[in-house]
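> Based on what follows, work out the 3D shape:
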Amino acid sequence: MVALKTGPRNLITDVSGLRVGHADDDALKSGTTVLVGEKAFMASVDVMGGAPGTRETELLDPKYTVEEVDALVLSGGSAFGLDAPSGVAEGLRAMGRGFQLGPATIPIVPGAILFDLLNGGDKNWRDNPYRDLGRQALENAALDFHLGSHGAGKGALTGSYKGGVGSASLVLPNGCVVGALVAANPIGDVVSQEGHFYASPFEMGAEFGGLGPDPKALGCRLRPSKKVEKMMQMAAGADRSPISNTTIAIVATDARLTKSQCKRLAIMAQDGLGRAIWPAHSPFDGDLVFAASTGEKEPCDIGELGHVAAMCLSRAIARAVWEARPEAGDILPVFNAG
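Alright, predicted model coming up:
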């Protein structure tokens, strides 16, 4: 058995050719995160949650013509956040980036959103803020970026604690790199009742506290969601329970993959959600994983890549919660208050 190691940053930007940018607003308690390549990259997507919100994801199906995209966007704001990719597309067009068709330049920017409209932030805006947040996130794109309460994870919540943005990477023995980027906002929990991350078997060093697995048998149990309770209180009198949630993620590799292989990578990476979040893929989550390939290196075994991507995604989810920080107006506490 060969031990894996993290990349130098332990971020998705360890995958060569990728950068990540955040933009958020403290009063809004929401924001946007963009993954952009130095050049267009291969991508696909897999959706397993029952309540997704997406833009231009249909074209990522291998049966359709478009193969490469210019950026991928994760955003808060529910349906309003679907305007964030428009801001990213505007910024890319201004850079001369996009699909060229005669004199037209058309950036391809798929995106996905999470529900954070009932998290204690001021959502009484006049003009949709997410278009501007998308463009700002693109302008902020860099190799190093913050985890926790930033970007698309600014106002994210899990079942019992604040969520956030997380990332992680691993390097395969042949030198191929796999990374994950996630905005963790599930209806389920990431931490057990005894205070241990479900993703602990995959932790590298003490990247989310080194707390280890839960020493008590987990058994078969249901755990009420504090998040849903708080959201229902905030939406008193609503016709239906406000239990929209969602964990949205991107896994990426520098191995050269086809569009169909990217689809398989996204499917396998979904296991990372199931290992880190209890429950995952519920009717009230829009759980979605994009998969991207920059093609900088020779092809790798897709089975190994998918397995490693799932491990990276589990770790990224735990890191999102571990790195979250308390802010004014929070309706749930942070897990790591130290």
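> Low-confidence stretches in the chain?
Per-residue confidence for the chain (pLDDT under 70) gives these ranges: 1-2, 217-225, 227-244.
> Which elements pack onto the lengthiest strand in it?
Taking DSSP state E as the assignment, the strand of the chain that covers the most residues is strand 30-47. For strand 30-47, the contact count by 3 or more CB pairs under 8 Å, 6 or more residues apart in numbering; DSSP states H and E identifies strand 18-25, strand 68-75, helix 84-94, helix 130-139, strand 177-184, strand 248-255, helix 259-276, strand 288-297 as packing neighbours. The way it works is simple: take the backbone N, C-alpha and C, and place the C-beta from them, glycine included.
> Strand 248-255 and the longest one, what's the angle between them?
This means helix 259-276. Using axes from the mean of the first three to the mean of the last three CA atoms, to 10 degrees, the interaxial angle of helix 259-276 with respect to strand 248-255 works out to 130 degrees.
> Which positions in stretch 113-123 come out as buried?
Neighbour counts over stretch 113-123 (16 or more other CB atoms under 10 Å) mark I113, L114, F115, D116, L117, L118, N119, G120, G121, K123 as buried.
> whoops, stretch 103-114 was the one
T105, P107, I108, V109, P110, G111, A112, I113, L114.
> Note down every partner strand of the helix or strand that comes right after the longest strand of the chain and its orientation.
Next helix or strand after strand 30-47 toward the C-terminus (DSSP states H and E): strand 54-55. For strand 54-55, sheet partners with direction are given as strand 111-113 (antiparallel), following DSSP bridges.
> Centre of the chain to the longest helix anywhere in the chain, how far?
Secondary structure assigned by DSSP state H gives helix 302-323 as the longest helix of the chain. Distance, stretch centre to chain centre, for helix 302-323: 11 Å (CA atoms, centre = their mean, to the nearest Å).
> Now for F208: which residues touch it?
F197, A199, S200, R315, A318, R319, V321, W322 (CB atoms under 8 Å, 6 or more residues apart in numbering).
> swap in A40?
When the contact criterion is CB under 8 Å, 6+ apart, the partners of A40 are E68, V69, D70, R97, I108.
> Could you do G205 as well?
Shown here is G205, whose contacts under the criterion CB under 8 Å, 6+ apart are T6.
> what helix or strand does it sit in?
In this structure, G205 sits in neither a helix nor a strand according to DSSP H and E.
> before we move on, back to that, in CSV: the contacts of A40, plus distance to K263.
Compiled in CSV, the contacts of A40 are given as follows (distance: CB to CB, whole Å):
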residue, distance to K263
E68, 14
V69, 14
D70, 19
R97, 24
I108, 17
